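**Student:** Next come a sequence and a model predicted from it.
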Amino acid sequence: MRNFALFIMLSLLAATTSSCMGLRQINELAIVSAVGLDVGEKPGSVKLSAQIMRPADVRGQTGAPSGGTGEPIYSVSAEGDSIFDAIRNLGRFTSRRVYWAHNFLIVMHENYARRGIGDMVDFFTRNRELRMNTWVAVTPDSPDELISTITGIEVVPGEAVDRLFRYNMVTGLAVGSNMMNLEEQFLSSSAQPVIAKLQLMPRGISNKKPEEHGSLKQVELTGAAAFREDRMVGWLSPEETRGLLFFVHDYLSGVEPVSCPNNGSMATLEFKQARLSVYPSVRDKEPEFRIRLSTEADIVENGCGISLAAYRRELEGELSDALRAKIVAVLKKAQKDYRTDILKLGDRLRNRYPIEWSRLRGRWTDAFSEAEMKVEVKTTIKSTALRTSRRDIH
Amino acid sequence: MNRIRLSNGMFMAMIVNMIYAKAIGVTQGTISRLIGQDMWIATLLGTLQGLLIIYVLHWAMRRLPGRRITDLPSLGDALLGRWFGHLTALILVGFFLAGFGPIMITFVYHLKDYFLPEVPLAIFIVSGLAVGAIGCYYGLEVMGRLALLGILFIFLLNLLIVIGSIDEFDILNMLPVLEHGLPNALFASVHFDADWALAAMMAALVLPHAQDGLVRGGRFGAAGIAAGGVAIMIWSILEPAVLSAEVSSQYTVSCMKLARNAHVGTFLQRYEMIMIALYSVPVLFEIMFTLYAVSACSTRLFHLKSDKAAILPSAIALGAFGYWIVEDHFRAIRFLENIWPWIALPVAAGLPLLMLLLRLLLQKRTERAAPYPEEG
């Protein structure tokens, strides 16, 4: 009896744990590396374009390898009444099943973003395959063209854009928006979403026609799109985006060219260990914010032709003014032009004054746009990098 | 008859395993829907309540001179007679049968929703119960050893999630503290109470089999509840800090959302399959013990010679109920959030308190009528 019971149990286990159910072979998958979303021709519809990798051709050989076409990607688009419907419609002509787990990028057209991104956030967070650190961007150009444009030296365009995002903080001119932080901002009652901007720019030089500078389009990551609730309300310039980065990312280091104190030439300062502190307060039931940025800086390029030791304070003032201008610019854009709290200042107020926040929450858009902001920037130049001179010391 | 012997470590490990699987994800999602980022406070308050009840249970079950106490129903026998022991066993059968619903919600939704959506539901139920039946067949000691392995796996799982989430940790997401007030946090802790309720009722069946169960079982039980509380609180801190409370509240299994977001650097991503492998031991232990509890209590109710004969019927009953619950997400969440806590708490807190009260009132009479006065 005992052996019989054991036999039955082991048989059940063997039958149920053989891993054959629901299997998908890799050669049956269409591995998506970037996806574009646009408004469809029919009102309310969605146009979805997908960049699918050709496994045989993404190894980067020149020419067509055996069994391949030489084209590392296969880009297709389809329309549907919803995102899911559009994906199903892709199945009419793609020979493989769409697989999202290796997707690098979701890029939406401006028109789609202005119509509302609620369906996009819902679909991709409900989808169990997608990585949550998939980058998200908005573009004024055609998403189909953007995801098919080979940029940099990567073979797969989606991978190239992935690298642009990964090294984004070096240039510090765009937000690093991915599904993880977009979902958080989208669901938050005290912050609004902000998404990176991608655009096509004639930056590449053809090896065959080097005289035609800019004959090749490249994908450029710069600026941001501001949202209120789920709708895009406008663009932020790269300078405004740099001001925004201090609020929404751990943006520690960047480069700022400043005017020389002696002539119209430029010196370049690299600020480091930037730290933004926000002190919210409530006066007469209205919010106020004191914003303080402190940073150290190095002189990394001196085009002034003089030793800068004597002008250290002037340069610190120039850098402070430059950084302050960027913060003030993004505050003005958010408060006055777009009336949307993309700076997470509502979060700060809510954390410090939860009772006042519960009172202000219902009219936060108005309260935020009227809130008084005081911006202070303190910079200290500490180094002249590798070079120095006697005059720098004495 | 061979006496079952569980070491004190096994007993503590069994308590941790019994609480952990559901509490880190399904419960945290429910709590975040109620009180947002204060999930960890509700978990802490729930742990404190669990400590109290496990001590009450030990006081009720501690050594009774002249009586052989093997579980809570046998204490019921000793206090008010056989009918009361049977009633206690019946309540425990009902309790573990209802508790199997949330356990299956945890087990099935982790695997089916995130890894194997095309696999028929029955496969999960049958395979879980088949593993449970094997463990149950070999008895408590084997389960105790599995629980020790489960502790190692829980430690590794917590380590992996901490490493994978630390980059995204934002302490500001945990503020403001107690935004919804202490009474609401206390109310939300009911959902965590429902988790340690399973562990407390497990202790009600195994405490006398632990090495020092009847003498120092309260201390070891409390250590188990506290260790489980700490292991779970790591998740209840990470989920709001990394995902935000708003995001956690959107998911049935919020720990899987955290696991899905976890990454070590740029190249090690989506390692939730490793985490789910580590997670399998605690959740299978829960299934195993629930099956054991139902079959052991049914054996007493139906006067069977061996609890092994009750395994198959118990598995069928549990499987049918589990299938019915998880088959419909809406029904599952309604049962999980609105019904199960109100079954779990009255039984897990009420039975030990009632037994303690009866013991205090009837101790003298019980000792006088003891069938084994020489053992006192």
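**Tutor:** Received the coordinates, thanks.
**Student:** Tell me the bridge partners for residue A:254.
**Tutor:** Per DSSP bridges, residues listed as beta-bridge partners of residue A:254: residue A:271.
**Student:** Settle this for me: it is touching residue A:268, isn't it.
**Tutor:** No. Contact criterion C-beta atoms under 8 Å: residue A:254 and residue A:268 do not qualify, at 10.8 Å. For every residue, glycine as well, the C-beta is placed using N, CA and C.
**Student:** So between those two, which is more surrounded?
**Tutor:** For residue A:254 versus residue A:268, the count of surrounding residues by other C-beta atoms under 10 Å in any protein chain shown is larger for residue A:254: 22 against 15.
**Student:** which residues touch the more buried one?
**Tutor:** When contacts are counted by C-beta atoms under 8 Å, 6 or more residues apart in numbering or on different chains, residue A:254 touches A:171, A:172, A:242, A:270, A:271, A:274.
**Student:** rerun that using 7 Å as the cut-off
**Tutor:** A:172, A:242, A:271 (C-beta atoms under 7 Å, 6 or more residues apart in numbering or on different chains).
**Student:** Looking at the residues you listed, which is nearest chain B?
**Tutor:** Closest approach to chain B among these (C-beta to the nearest C-beta): residue A:172, at 18.9 Å.
**Student:** Tell me the pLDDT of the closest residue to the closest one other than its chain neighbours.
**Tutor:** Nearest in space to residue A:172, with sequence neighbours left out and distances taken as C-beta to C-beta, 6 or more residues apart in numbering or on different chains, is residue A:254 at 4.1 Å. Note for residue A:254: predicted pLDDT of 89.
**Student:** ok, residue 89 - contacts?
**Tutor:** Using chain A here. Residues counted as contacts of residue A:89 (C-beta under 7 Å, 6+ apart) are A:78, A:79, A:80.
**Student:** if you could check chain B rather than the one you did, that'd help
**Tutor:** Counting by C-beta under 7 Å, 6+ apart, residue B:89 makes contact with B:73, B:297, B:300, B:301.
**Student:** swap the cut-off to 8 Å and go again
**Tutor:** Taking C-beta under 8 Å, 6+ apart as the test, what residue B:89 contacts is B:73, B:76, B:297, B:298, B:300, B:301.
**Student:** hang on, the earlier thing: give me the lowest-pLDDT entry from the contacts of residue A:254.
**Tutor:** On pLDDT alone, residue A:172 ranks lowest of the contacts of residue A:254, at 86.
**Student:** That residue contacts residue A:251, correct?
**Tutor:** Yes. Residue A:172 is within contact range of residue A:251, at 6.0 Å (criterion: C-beta under 8 Å).
**Student:** Mind checking what helix or strand follows the longest helix along chain A in sequence?
**Tutor:** Longest helix in chain A by number of residues (criterion: DSSP state H): helix A:312-332. Sequence-wise, the next helix or strand downstream of helix A:312-332 (DSSP states H and E) is helix A:345-352.
**Student:** That next one versus helix A:312-332: what angle between them?
**Tutor:** Going by axes from the mean of the first three to the mean of the last three C-alpha atoms, to 10 degrees, helix A:345-352 is angled at 100 degrees with respect to helix A:312-332.
**Student:** elements contacting the very next helix or strand once past helix A:345-352?
**Tutor:** Using DSSP H and E, the helix or strand that follows helix A:345-352 in sequence is helix A:354-360. Using 3 or more C-beta pairs under 8 Å, 6 or more residues apart in numbering or on different chains; DSSP states H and E as the contact test, the elements touching helix A:354-360 are helix A:345-352.
**Student:** Briefly note if the helix it packs on comes near chain B.
**Tutor:** Yes. Using C-beta under 8 Å from any C-beta of the partner chain, helix A:345-352 reaches chain B at A:347, A:348, A:350, A:351, A:352.
**Student:** Out of these, the closest to chain B would be?
**Tutor:** Relative to chain B, the closest of the residues of helix A:345-352 next to chain B is residue A:351; by C-beta to the nearest C-beta it sits at 3.8 Å.
**Student:** quick one: secondary structure of the closest residue to residue A:251 other than its chain neighbours?
**Tutor:** For residue A:251, ignoring the flanking residues on the chain, the nearest one in space by C-beta to C-beta, 6+ apart is residue A:245 at 3.8 Å. Following DSSP: H, G, I helix; E, B strand; the rest coil, we place residue A:245 in the helix state.
**Student:** Flag every residue of chain B that's near chain A.
**Tutor:** Checking chain B against chain A by C-beta under 8 Å from any C-beta, the hits are B:113-120, B:123, B:126-127, B:130-131, B:133-134, B:137, B:168, B:172, B:175-176, B:179, B:243-244, B:246-247, B:250, B:260-261, B:263, B:266, B:269-270, B:312.
**Student:** Turn the buried ones among the residues you listed into a named ChimeraX selection, would you?
**Tutor:** Per 16 or more other C-beta atoms under 10 Å in any protein chain shown, the buried members of the residues of chain B next to chain A correspond to this ChimeraX selection:
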select /B:114,116,119,123,126,127,130,131,133,134,137,168,175,176,179,243,244,246,247,250,260,261,263,269,270
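**Student:** Pairing partners for residue A:231 in the sheet, please.
**Tutor:** Under DSSP bridges, the beta-bridge partners of residue A:231 are residue A:228.
**Student:** now the end-to-end length of stretch A:336-353.
**Tutor:** Start-to-end span of stretch A:336-353 (C-alpha to C-alpha, to the nearest Å) is 24 Å.
**Student:** Quickly note the distance from residue A:256 to chain B.
**Tutor:** Going from residue A:256 to chain B by C-beta to the nearest C-beta, to the nearest Å gives 27 Å.
**Student:** Can you get me a residue count around the closest residue to that residue other than its chain neighbours?
**Tutor:** Spatial nearest neighbour of residue A:256, chain neighbours left out: residue A:322 (5.0 Å); criterion: C-beta to C-beta, 6+ apart. Neighbours of residue A:322 under the rule other C-beta under 10 Å: 19.
**Student:** I appreciate the help and will end here.
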